[in-house]
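Enquirer: mind looking at a prediction? Sequence and model below.
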Amino acid sequence: MPLNLFVEVVEYLHFTLVQPFSRSLREHSGKFLQLLTFYTEFIPEAEALFPGVTADVMNSPYHPWTKGLSKEQLQQQLDFL
């Protein structure tokens, strides 16, 4: 895939992430929509264009929820209820 097409896709997704939600970033719904776009559109698109490019981001300490809970953590959650 040509680099200029990748740049255009990233710029478009950046625009969709920032522009529509910039006025409502302080509101919960704006953050939800921004994160929804990031995880359902931006990350898959970047991964489709360049496989492996999102691995560092998704394996960072900020995204442990993508791997699920261990059995011990799940039991702690159930015990809490």
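Expert: Perfect, I can see it now.
Enquirer: mind checking the SS state of the nearest residue to Glu41 once chain neighbours are set aside?
Expert: Leaving aside its chain neighbours, Glu41 sits nearest to Leu13 (6.1 Å; criterion: CB to CB, 6 or more residues apart in numbering). From N, CA and C alone the C-beta is placed, and that goes for glycine too. Counting by DSSP: H, G, I helix; E, B strand; the rest coil, the backbone at Leu13 sits in helix.
Enquirer: ok, now which ones touch Leu13?
Expert: Shown in contact with Leu13 (CB atoms under 8 Å, 6 or more residues apart in numbering): 37, 41-42, 45.
Enquirer: any idea how far it lies from Thr54?
Expert: 13 Å (CB to CB, to the nearest Å).
Enquirer: filter the contacts of Leu13 to the buried ones?
Expert: 37, 42, 45 (16 or more other CB atoms under 10 Å).
Enquirer: how much space separates the residue nearest to Glu41 from Ala48?
Expert: Leu13 sits 12 Å away from Ala48, going by CB to CB.
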